[in-house]
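**Student:** with the sequence up front, the predicted model follows.
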Amino acid sequence: MLGENGAGVSAWPGRRLPSRVGGVWIPLAVLVAALAFVLGGWAGLRTVRNQPVIWRQMLAGGGVEVVLLVQAVSCVVVALAGPGPADPPTFWGYLITTLLVLPVAGAWAFAERTRWSSVVLLVASVTVAFLQLRMVQVWFG
Amino acid sequence: MTSSDDESRVVAGPSSASTTSSGPGRALVLVYGILAVAATARSGVQLATKYDEAPLAYLLSAVAAVVYVVATIALAKGRGVWRRVAWVAVSVELVGVLTVGTLSLVRSDLFADATVWSDYGQGYGYVPLVLPVLGLWWLRRTGRTSSGQDAVPR
């Protein structure tokens, strides 16, 4: 009765907060995917031009990696605070993998001085973007 | 270990031509590596959390994962005995994806859940079907350029 239009109503959104917070890292996933596509586009351009990866691309990859680390921390915080991913083992597996792809592929690409190093970076970038999509899907189940 | 292979490689001319991990092989190894990680992680999770639901499918996924890991390492090494290991691993992979792919369509009752090789790797964008073909082609091509070695061991 009292709760119809009193304090009780405003209390409910407060209680639903944890599940809403679950979406906080989603914008970061979108950002990572967008940055990964830019990096991949750059690599694709250099592939077409028959050029290898360059140091500036490694730095750009490092930038994406920083955002990925922020995302990883926010995922852990959100999962500890409220309802975590719907499929925890798969989600954390994706999270660890997405952190490893660029450093490993970057090193693998940079050791090769042909256009195929650009293909490596392109594939790695698309993989990171794809993993972001899968992480969002797995989080919501 | 196999010094004769290394020597023939030097004689063969462009030094990068005869190893499987350079040029196009660089990208091939990366894709193999990604698939190896994907298959290993997936089968690990499946075996650990719900083995009883579909034992055959999950064991097959584990076998596929091992094959991909071995193929990745062998193609990354790319010389001597590793070349033979790569031939075997990639061949097993092709037989596996064709066999399991066909079985999953005609005897779907055998598989309670999907594997990497189900429906010819449809769940992975048919990469599992295309990859062994590319792998065999690449092994054959790089095998030709290293003069001291037969392309196809029989």
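**Tutor:** Received it, and whenever you're ready, just let me know what you need. Residues are numbered from 1 along each chain as shown, chains lettered A, B, ... in the order given.
**Student:** from here on, just use CA atoms for contacts and neighbour counts.
**Tutor:** Noted.
**Student:** how about the helices in chain B?
**Tutor:** B:3-11, B:24-50, B:55-77, B:81-106, B:127-145 (DSSP state H).
**Student:** which of those sits most buried?
**Tutor:** Mean neighbour count (mean count of other Cα atoms under 10 Å in any protein chain shown) peaks for helix B:55-77 among the helices of chain B, with a mean of 22.
**Student:** quick one, what contacts B:Arg19?
**Tutor:** Small correction: residue B:19 is Thr, not Arg. Counting by Cα atoms under 8 Å, 6 or more residues apart in numbering or on different chains, B:Thr19 touches B:77-79, B:142.
**Student:** which non-adjacent residue is nearest whichever residue of chain B sits closest to chain A?
**Tutor:** In chain B, the residue that lies nearest chain A is B:Ala27 (5.0 Å; Cα to the nearest Cα). Leaving aside its sequence neighbours, B:Ala27 sits nearest to A:Val120 (Cα to Cα, 6 or more residues apart in numbering or on different chains; 5.0 Å).
**Student:** burial of the one you found, as a residue count?
**Tutor:** Per other Cα atoms under 10 Å in any protein chain shown, the neighbour tally for A:Val120 reads 30.
**Student:** now it: how far from B:Ala39?
**Tutor:** From A:Val120 over to B:Ala39 the distance is 20 Å, taken as Cα to Cα, to the nearest Å.
**Student:** same thing with B:Leu110?
**Tutor:** 20 Å.
**Student:** next: A:Trp42.
**Tutor:** Applying Cα to Cα to A:Trp42 and B:Ala39 gives a distance of 29 Å.
**Student:** so the residue in chain A positioned nearest to chain B, which state does it fall into?
**Tutor:** Residue of chain A nearest chain B, by Cα to the nearest Cα: A:Val120 (5.0 Å). At A:Val120, secondary structure determined by DSSP: H, G, I helix; E, B strand; the rest coil is helix.
**Student:** close enough to count as contact, it and B:Leu30?
**Tutor:** Yes - using Cα atoms under 8 Å, A:Val120 is in contact with B:Leu30, at 6.7 Å.
**Student:** need the residues touching each of the two.
**Tutor:** Residues touching both A:Val120 and B:Leu30 (Cα under 8 Å, 6+ apart): A:Ala105.
**Student:** state the mean pLDDT of stretch A:107-127.
**Tutor:** Across stretch A:107-127, pLDDT averages out at 97.
**Student:** ah, wrong one, I meant stretch A:87-98
**Tutor:** 93.
**Student:** go through it and flag the buried ones.
**Tutor:** If you call a residue buried by 16 or more other Cα atoms under 10 Å in any protein chain shown, then stretch A:87-98 has these buried ones: A:89-95, A:97-98.
**Student:** pick the one among those residues closest to B:Ser61.
**Tutor:** Closest approach to B:Ser61 among the buried residues of stretch A:87-98 (Cα to Cα): A:Thr90, at 15.2 Å.
**Student:** does the closest one touch B:Val45 like I think?
**Tutor:** Yes - if you go by Cα under 8 Å, A:Thr90 and B:Val45 touch, sitting 7.0 Å apart.
**Student:** need the single longest helix in chain A, by residues.
**Tutor:** Criterion DSSP H: the longest helix present in chain A is helix A:55-81.
**Student:** check which helices and strands that one sits against.
**Tutor:** Judged by 3 or more Cα pairs under 8 Å, 6 or more residues apart in numbering or on different chains; DSSP states H and E, the packing partners of helix A:55-81 are helix A:26-48, helix A:88-110.
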